[in-house]
Each structure stands twice: as C-alpha cells, then as structure tokens.
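K.L.:
from the sequence below, what's the structure:
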Amino acid sequence: MRLSPHRLAAPLLALALTATGLGALTLGTAAPAAALGNGTALTPPMGWNSWNSLGTEVTEEQVVQTIDFMAANGLVAAGYDTVTIDDGWSLWHRDGQSSDIVRTPSGSIQLYDAAGTPVSGTDGTGNDPTSGHLIPRPDHFPDQSVDGRTVNGIQYLAWYAHRKGLKFGLYATDTYLTCQMHPGSLGHESTDAGDFVSWGVDFVKYDDCPYGPPITGPDGHGYGTQGVGKELTRSVYARVQTFQRALDAASAAQGRPRVTVSVSAQPVHTGVPYLLDAADPARTDPVIRATPPVPFQAPGYAPTGVWCGQVANLCRIGGDRDSELDGVLWNGQLQTALQYPGNVRPGSWNDLDMMFTGWKDVYGDWGSTDTCVCHKPFTDDESRTETSVLAMLAAPLISGADLRTAAQSQHTADGHSWSTGISAASLAVLKNADVIAVDQDSLARPATLVGSRPASGTAPVVLKRQLANGDTAVLLVNQDPSASRTIGTSLAELGLTGPGYTAKELWTGAGSTVTGPLSATVAPHGVALYRLTARPTTVPAAVVDDGRYHALTAGGTGGLVLEVSGTCSSPLGSVADINTWWPTHTSEQWTFTTNPDGTVRISDNCNTPTHVHTVLAAGTSPGNSAYLLNYAPGNPWQEWRVVQNSATGALVVTNVATGLVLNAASGTAGSVVTTDAANGAAAGQGWSVAS
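P.N.:
Sure, this is the predicted structure:
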C-alpha cells in the first residue's frame with residue numbers, strides 16, 4: 001500500500017510486525033498451505049515495476065523507453081521478463097460516470113443505502129454506485145494503432161512488451177479505491193479481470209488500500225483505519241480469491257494464458273473481527289484455522305505468509321521498503337520471511353517488495369537538495385546485499401530502478417540537474433547469472449538461519465540454502481553500516497558432512513576449497529555469497545550387489561523416479577522415463593548386479609510377456625534415450641559404472657560404451673531419460689535411492 005508518492009518507512013514496518021505478533025513465532029514452524037496451482041510463476045518472477053522511479057505520473061513513453069532499455073542491455077536475456085505499471089494509470093472514474101468518484105472527508109468512497117442516502121459504511125453496509133470499465137488516462141496512455149486497429153495505451157504497451165519478449169503487468173486493488181484514490185476493483189472483479197485479460201495483461205499487482213475513519217469496536221479496541229462497506233465484511237483472503245478466480249474465468253473464456261497474481265496487501269491491516277461475514281472463506285480455511293489466532297485480528301488478514309499462496313502467486317509479507325538497507329535485513333523483512341518457508345514453492349513466493357538496487361533519488365539531488373536517509377541510494381555493496389538476501393530467500397526480483405538511459409532520465413529542480421538512470425555497476429549486479437541461478441533454483445527451498453538469532457540489528461547473519469543439484473549456497477551478511485566484520489561459519493554448522501567442498505564466491509568469482517571453517521572479511525553493509533559443491537569423492541555404490549530392488553529418484557525433479565515407460569506391459573525396447581513414484585510398481589524397481597568384468601547391469605523388476613527383468617541400455621550419442629532390452633552378456637551398451645558421492649550420497653550412472661551419464665534432463669513427469677555428457681552442475685545426473 002502506498003498512500004503518497006513518498007514511500008512509507010520503518011515505523012509502518014514496525015507496526016506491521018507488531019500487529020501480526022511475529023515476534024512470538026518460531027522460525028520455520030508455519031504449516032505449508034495448498035498451492036494456488038494456476039500454472040504460473042513456477043520460479044520467482046523477475047522484472048520491473050514503475051512505482052519507485054516514476055510514481056503516479058508514469059507515461060506510455062517512459063514505459064516504452066524502459067522496455068527498450070531492458071531488451072538492449074541484457075536484462076530480458078538475464079530473466080527480467082515482466083514490466084508492470086503501478087498505481088495511477090487510470091482516470092478517477094469509470095466509464096459509467098461523467099465525474100470523478102465522490103469521496104468522504106476521511107478519503108473513503110462515499111457509499112449509499114438502497115434509497116440513495118449517503119452512509120458512513122463503517123458498520124459494513126453501503127453500496128458502491130460506480131459502474132463500467134476502468135479508463136486509461138488519455139494524457140498519459142494515449143490510443144495507438146496496432147495492426148490496423150485502434151487500441152488504448154495500456155493495450156498498446158502490452159502489445160509492445162510482448163513484441164520485445166516481455167510480459168506485461170498492471171496494478172489494481174481489492175478495495176473501492178487504489179492507494180492513490182483511483183477506482184479499485186472491489187465489486188468490479190469480473191469487469192476488470194475481463195478487461196485486463198483482453199488487453200494482454202500477464203501479471204497483476206493487487207494492492208489493499210482501505211480508506212476511512214478510525215474504527216473503535218464494541219470491545220473498546222481501536223482498530224484504526226480498516227475501510228468501509230465490503231472492505232470490512234470480506235477478508236483480504238476472500239477479496240483476492242474473488243479477483244484471482246475472475247482472472248482465471250476471463251482467461252478461459254478468451255482462450256488466453258492465465259494471469260500471475262501478486263498480492264501487495266500490507267500485514268498492518270488486521271480487519272475488524274466482529275464485522276467479518278460469517279460465510280467468509282477465511283473462517284473455514286484449514287491453514288488459517290490451524291494458525292494460533294492473534295488478538296483483535298480477523299481471519300484472512302495478517303500474516304499473509306500463512307495463507308496467501310493459496311490465492312495468489314506472490315505474497316507481500318511486510319510493509320513498504322525504502323532505500324534504507326535495514327528494510328531487507330534482520331530487523332526488517334528478513335526475519336519475517338524466514339518464519340514462512342511453507343509459503344515458498346513453485347507458484348507461491350514470499351515477496352519483500354521492489355528492489356532498490358540501482359535506484360537513484362527521484363525527489364531531489366541527493367546530498368544537495370534532498371538529504372532524507374530514506375532516499376539515499378544504495379552503495380554497490382548494499383546493492384549486492386539486497387540482491388543476495390532476496391536470492392537466498394527465493395524471492396521475486398522486481399527492480400524499482402529507473403531502467404532508462406541517462407538522457408531519458410534527466411531531472412531538473414531547485415537549480416540542480418541529475419539523472420536517475422541506473423549505473424553500469426548496478427546493472428551488473430542485477431544481471432549476475434550465478435546469483436540469479438540461486439534465486440531461480442528449481443528446488444524452491446528458501447534459506448534457513450545458521451546459528452542463533454543475531455543479538456542486534458548490526459550483528460552478522462549467516463544463511464544457508466540447499467540447491468537442486470546438491471550444492472549449498474551460503475551467505476555471510478555484515479549488517480553493520482559503518483565497519484567491516486570478519487564473519488565465519490563451518491561445515492559442521494552448515495550440516496555438511498563431506499570431507500571437503502569447492503567454494504565459488506558469486507560476486508567476485510573467486511574459487512577456494514573448504515574443509516572446515518568458512519569465513520570472510522565483509523565490507524560495511526556487504527556480503528560474501530558462496531556456492532559450495534561437494535568435491536567429487538566417490539565410492540562404489542552401496543546398491544550394487546545388495547540383492548534388493550530400489551526406486552531411483554532423479555535430482556531436480558521433485559521426487560520423480562526412473563521407470564520403464566508404459567510400465568511392464570510396454571513393448572521390448574521401450575524407453576526409460578521418470579514418473580511419480582508408486583512403491584507397488586515393479587516397473588519403477590531396479591537391481592544392480594556386477595558383471596564378470598566388474599561393470600554393472602541394471603535390471604527392472606518386471607516379469608511379463610514383454611519384459612522379464614530386462615536391462616537398461618544406452619544409445620550411441622548424447623541426448624539419445626535410455627531403453628530396455630533383454631540381457632546380452634558383454635554388450636557394453638548394457639553395462640554401467642555406478643559410483644556414489646561420499647558427501648551427498650548421490651549416484652552417478654555412466655555407460656561403459658559411450659562414457660555418457662544417465663540424465664533426467666527435464667523435471668516433468670513422463671519425460672524421457674537420456675544419456676549425456678557428464679556435468680556436475682546438472683541436477684538430473686544425480687540419482688538417489690528412494691527405497
């Protein structure tokens with residue numbers, strides 16, 4: 001929620017954390033919610049949002065410039081593939097009215113009873129008289145001609161973004177008004193969702209901005225500003241769910257892809273429990289019901305980290321951030337994010353707000369005409385720190401920097417001229433492929449805290465994150481803004497039991513070997529980010545000649561196992577694939593037997609007319625399918641070497657004839673298993689025993 005062009009700073013964040021009772025929770029105890037499952041945002045979304053740099057006066061021309069800059073400067077290629085216009089893009093009325101929305105002295109929309117008499121709405125009653133469609137501001141988003149037809153400026157930008165290989169996002173709210181008092185979508189969900197989908201919108205940032213007078217309940221508690229009318233009787237959970245379902249329905253009706261939903265609801269809003277509709281779905285949601293209630297808080301409000309992933313893809317878990325790094329450190333949103341790992345999975349991500357990496361002060365020439373600490377641009381070290389923390393938490397990477405050229409981003413005020421365009425150094429931070437790979441890792445498991453909680457807001461923090469291929473990312477954070485610190489951990493503290501690991505520091509590229517302690521001297525507000533890979537110490541695999549059948553899980557597939565495609569009834573010569581593990585399926589059971597020459601044959605547990613303990617064989621070239629044949633002694637394409645990484649336990653299965661490695665190149669159920677060149681970074685080449 002943004003109530004003015006100037007961002008809300010630390011006091012709002014502190015209030016948000018207090019209101020949710022976060023201090024009483026234990027890290028990592030939240031029960032996982034059911035996934036939304038709309039098939040979008042399977043990795044943390046990456047892109048750009050207009051708010052931090054362009055505010056309410058963003059224009060069509062500026063967005064085109066941003067799209068062009070992102071495409072020309074490697075950001076799209078790096079994965080930043082969505083551009084989103086924030087609040088302020090529409091007129092202050094819908095097309096069913098000839099004048100702007102009527103507001104009360106407290107800023108809320110004026111509601112009316114059935115007779116047309118104005119009401120306060122603070123008891124949950126009142127009707128919204130507005131109707132029709134949202135109208136893009138014609139002075140900011142003029143109509144354009146596309147393929148011989150006239151489209152509005154929002155449609156044009158969606159078309160332009162798609163033409164450049166990007167997705168397009170737009171802002172809306174679950175309230176009567178947006179934060180900047182433009183029409184919200186509450187009560188207009190089907191209309192707005194249908195328009196958004198028809199315009200080509202791929203991503204919606206859905207905010208929560210309840211204006212109104214402070215409310216004191218019959219219990220004597222002061223609830224503050226919580227809104228009016230349906231804003232009081234329907235939870236944020238319910239309002240988001242309604243809009244998300246409207247988007248899905250519109251996508252289905254129009255034959256278009258489903259839309260990603262990013263909830264920007266602030267945890268500071270608690271609702272008013274006695275006004276919440278008895279039939280509100282938040283009241284019966286099992287995940288919300290299983291969470292200890294917070295006094296004076298209605299179900300389906302804070303903490304969003306408990307329930308949000310069931311109704312949206314991105315979930316804001318804290319207040320608005322500004323360009324003070326503390327907002328993303330321990331006393332900001334880091335500790336909150338660590339409390340809700342269950343909300344992090346493909347299709348659901350904890351959102352720590354837009355990034356300030358590369359952002360420059362738009363309110364004045366910082367250090368001359370503007371000295372507010374909340375507008376001070378990050379140092380390069382701070383930019384690396386923000387990006388590292390977000391990557392470790394598997395958070396969305398949504399840049400709020402001015403992604404335009406220096407000439408396009410010029411400002412003049414109070415006799416000073418300056419550019420807010422992103423620097424080359426900050427651009428390099430955003431594009432660091434190694435750090436992006438951590439953020440986008442397919443295991444989708446966020447970082448955990450190593451050791452105890454930091455004793456203060458300047459004490460060091462150590463985080464670790466397990467990655468899909470068996471590597472471990474380790475982040476050493478110096479929260480002290482004024483002094484360098486030597487920060488360390490050890491393999492034992494990290495829970496790593498191997499004899500040694502190779503380490504790559506992802507910002508400098510420096511390599512090293514770690515056999516015990518891991519430490520670095522870290523600059524003020526800086527980080528050291530390492531990717532640890534178990535050294536390739538291998539031993540003979542324990543599964544060989546143990547006389548048992550085993551299920552083999554392919555790395556990076558979320559638990560899919562090796563099987564005879566089509567099961568044991570398939571024809572001889574069928575390929576091997578990966579699929580859901582069923583302990584009773586003999587087509588997913590394998591035994592490893594030593595041949596006279598010391599190689600290994602891998603046989604299935606089938607006993608049918610087509611497969612009688614057939615053996616795994618390899619093709620001749622990289623990318624060829626593995627397949628099943630009757631055993632032919634001495635055939636090198638049916639012979640394998642099977643070794644086990646002594647640190648991770650992962651099996652590597654190499655064909656004798658070709659030297660190629662058994663590989664699940666795709667993590668999709670039913671995908672064919674191939675043999676490919678050995679690659680220690682390929683998750684699908686590491687197999688583990690599931691039974």
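K.L.:
not counting its neighbours along the chain, what's nearest residue 51?
P.N.:
Nearest in space to residue 51, with sequence neighbours left out and distances taken as Cβ to Cβ, 6 or more residues apart in numbering, is residue 86 at 3.8 Å. Where you see a C-beta, it was placed from the backbone N, CA and C, and this is true even at glycine.
K.L.:
likewise residue 85?
P.N.:
Residue 85 sits nearest to residue 50 (Cβ to Cβ, 6+ apart), 5.2 Å away.
K.L.:
for the one you found, grab the count of nearby residues.
P.N.:
27 (other Cβ atoms under 10 Å).
K.L.:
so what pLDDT did residue 28 get?
P.N.:
For residue 28, the pLDDT comes out at 39.
K.L.:
so residue 191 sits in a helix?
P.N.:
Yes: looking at residue 191 with DSSP: H, G, I helix; E, B strand; the rest coil, it is inside a helix.
K.L.:
pretty sure it is touching residue 95, no?
P.N.:
No: with contact defined as Cβ atoms under 8 Å, residue 191 and residue 95 do not form a contacting pair (10.3 Å).
K.L.:
which neighbours do the two share?
P.N.:
When contacts are counted by Cβ atoms under 8 Å, 6 or more residues apart in numbering, residue 191 and residue 95 have 132-133 as shared neighbours.
K.L.:
what sits against residue 394?
P.N.:
Residue 394 sits next to 44, 344, 349-350, 439, 441, 444-447, 465 when contact means Cβ under 8 Å, 6+ apart.
K.L.:
tell me the one of those nearest residue 430?
P.N.:
Residue 430 lies nearest to residue 439 out of the contacts of residue 394, by Cβ to Cβ, at 11.2 Å.
K.L.:
could you give the secondary structure assignment for the residue lying farthest from the centre of the chain?
P.N.:
Here the chain reaches farthest from its C-alpha mean at residue 596, the gap being 51.3 Å by Cα atoms, centre = their mean. Under three-state DSSP, residue 596 falls in the coil class.
K.L.:
just the pLDDT at it, thanks.
P.N.:
Predicted confidence (pLDDT) for residue 596: 93.
K.L.:
excluding chain neighbours, what is closest to it?
P.N.:
Counting by Cβ to Cβ, 6+ apart, residue 633 is the residue found nearest to residue 596 once chain neighbours are left out, at 7.9 Å.
K.L.:
looking at this, that neighbour is in a helix?
P.N.:
No: Residue 633 is assigned coil when assessed by three-state DSSP, not a helix.
K.L.:
circling back to that earlier point, how much space separates the residue nearest to residue 85 from residue 407?
P.N.:
Distance of residue 50 to residue 407, given as Cβ to Cβ, to the nearest Å: 19 Å.
K.L.:
elements contacting the lengthiest helix in the chain?
P.N.:
As assigned by DSSP state H, the longest helix anywhere in the chain is helix 236-254. In terms of contacts (3 or more Cβ pairs under 8 Å, 6 or more residues apart in numbering; DSSP states H and E), helix 236-254 is packed against helix 189-199, strand 203-207, strand 260-263.
K.L.:
in JSON lines: these, plus distance to residue 154 and mean neighbour count.
P.N.:
JSON lines is the format used below for these (distance: least, Cβ to Cβ, whole Å; neighbours: other Cβ atoms under 10 Å):
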{"stretch": "helix 189-199", "distance to residue 154": "5", "mean neighbour count": "21"}
{"stretch": "strand 203-207", "distance to residue 154": "12", "mean neighbour count": "26"}
{"stretch": "strand 260-263", "distance to residue 154": "17", "mean neighbour count": "26"}
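K.L.:
residue 149 is nearest to which of those?
P.N.:
helix 189-199 (12.8 Å).
K.L.:
state the next helix or strand along the chain beyond the lowest-mean-pLDDT helix or strand in the chain.
P.N.:
Ranked by mean pLDDT, DSSP states H and E, the weakest helix or strand in the chain is helix 10-20, scoring a mean of 33. Proceeding C-terminally, helix 10-20 gives way to strand 46-49 as the next helix or strand, assigned by DSSP states H and E.
K.L.:
can you tell me what sits against that following strand?
P.N.:
Under Cβ under 8 Å, 6+ apart, the answer for strand 46-49 is 66, 70, 75, 78-84, 86, 166-167, 169, 203, 205, 354, 396-401, 403, 436, 439-440.
K.L.:
and these, which of them are in helices?
P.N.:
Taking DSSP H as the definition of helices, these contribute 66, 70, 75, 78, 436, 439.
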